[in-house]
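Trainee: This is a predicted model, with the sequence first.
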Amino acid sequence: MRSSYLVCYDISDDKRLRRVFKTMRAWGDHIQFSVFECQLTSADLVRLRAELSGIIHHNEDQVLFVLLGPAEGRGDRVITALGKPYTRVDAPCIVV
């Protein structure tokens with residue numbers, strides 16, 4: 001059974017940030033700068049955590065996994081915003 005997760009990250013080094021971003025693009029939908037929504041099985045979650053664990057520096061970086069509940073039967077994604085309106089992000093991450 002798949003569950004929905006928000007995966008949010010704060011990476012202190014630009015090179016690691018790009019690697020985390022590229023890894024996350026393979027696992028979920030890019031929602032906002034360092035935020036992805038992923039539909040994962042428990043085995044997928046273990047694999048994703050292992051991949052990210054090999055990239056980040058555990059004493060400098062942070063990755064949060066927010067469980068949203070079962071993926072099935074959730075209905076359509078509804079995202080509302082305060083301030084600037086939400087727009088779907090499909091562009092690649094560019095760090096200068």
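Mentor: All right, it came through fine.

Trainee: what's the distance between residue 69 and residue 32?
Mentor: Using CB to CB, to the nearest Å, residue 69 is found at 20 Å from residue 32. Where C-beta positions appear, they are placed from N, C-alpha and C, glycine not excepted.

Trainee: Compare the two (neighbour count), which wins?
Mentor: It is residue 32, of residue 69 and residue 32, that has more neighbours when counted by other CB atoms under 10 Å, with 15 against 10.

Trainee: Not including adjacent chain positions, what is the nearest residue to the residue positioned nearest the centre of the chain?
Mentor: The residue lying closest to the centre of the chain (CA atoms, centre = their mean) is residue 36, at 2.9 Å. Distances taken as CB to CB, 6 or more residues apart in numbering place residue 28 nearest to residue 36, at 4.0 Å, with adjacent residues excluded.

Trainee: what ranges do the strands span in the chain?
Mentor: 3-10, 28-32, 35-40, 62-70 (DSSP state E).

Trainee: Which one, of the ones you listed, ends up nearest to residue 48?
Mentor: Closest to residue 48 of these, according to CB to CB: strand 35-40, at 6.6 Å.

Trainee: Could you count how many residues lie near residue 6?
Mentor: 16.

Trainee: cool, residue 1 as well?
Mentor: 7.

Trainee: what sits against the nearest residue to residue 19 once chain neighbours are set aside?
Mentor: In this structure, residue 19 finds its nearest non-sequential neighbour in residue 55, 4.9 Å apart by CB to CB, 6+ apart. By CB atoms under 8 Å, 6 or more residues apart in numbering, the residues touching residue 55 are 16, 19-20, 23.

Trainee: What residues are bridge-paired with the residue nearest to residue 36?
Mentor: Beta bridges link residue 28 to residue 38 when assigned by DSSP bridges.

Trainee: what residue ranges in this structure score low on pLDDT?
Mentor: Confidence mapping of the chain against pLDDT under 70 gives the ranges 74-76, 79-83, 86, 88-96.
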